[in-house]
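Undergrad: Pasting the sequence and the predicted model now:
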Amino acid sequence: MAETADLATLPTKELHDRAVKLAARRGDIKFLWELLKAIPGAEVAAGNQGEGEVDIWNTAALLDDYFHAGEGEVGEALRPMYLDYLNKHA
């Protein structure tokens, strides 16, 4: 298992990729669903108010956001979620 300090030094995109890959490998639908639900709030936290509101109603946009949820300010807003998941399950 990776140490918490080691994980904290990784770029957010790497945390996203590791957490999503681990959840998929474990069949952890709950984490993946929680991530999907957290993306609109992360969009708002990143200053993308309109994106957060639209994504709740637009599944295609939400899935696109899911694949890019490790990038930019949205990724940074979700970073604690990735760290928490990897620390618990890696």
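TA: Perfect, I can see it now.

Undergrad: what number of residues lie near Ala42?
TA: 24 (other Cβ atoms under 10 Å). C-beta here means a position set from N, CA and C on the backbone, and glycine is covered the same way.

Undergrad: and what of Gly75?
TA: 19.

Undergrad: Which parts of whichever strand or helix holds Leu62 count as buried, going by neighbours?
TA: Using DSSP states H and E, Leu62 sits within helix 59-67. Buried residues in helix 59-67, counted by 16 or more other Cβ atoms under 10 Å: Ala61, Leu62, Asp65, Tyr66.

Undergrad: Which parts of this protein are helices?
TA: Taking DSSP state H, the helices of the chain run over residues 4-8, 12-26, 29-45, 49-57, 59-67, 72-89.

Undergrad: what is the mean pLDDT for the fourth one?
TA: If you average the pLDDT over helix 49-57, you get 62.

Undergrad: By average pLDDT, which secondary structure element in this structure comes out worst?
TA: Each helix and strand of the chain was given a mean pLDDT (mean pLDDT, DSSP states H and E); the minimum falls on helix 49-57 at a mean of 62.

Undergrad: what residue ranges in the protein score low on pLDDT?
TA: The chain contains residues with pLDDT under 70 at 1-4, 50-59.

Undergrad: and Val74, how many residues sit next to it?
TA: Counted with other Cβ under 10 Å, Val74 comes out at 27.

Undergrad: Look up how far Ala90 lies from it.
TA: 22 Å (Cβ to Cβ, to the nearest Å).

Undergrad: Leu7 reaches Pro80, doesn't it?
TA: No - applying Cβ atoms under 8 Å as the test, Leu7 and Pro80 come out as separate, 11.3 Å apart.
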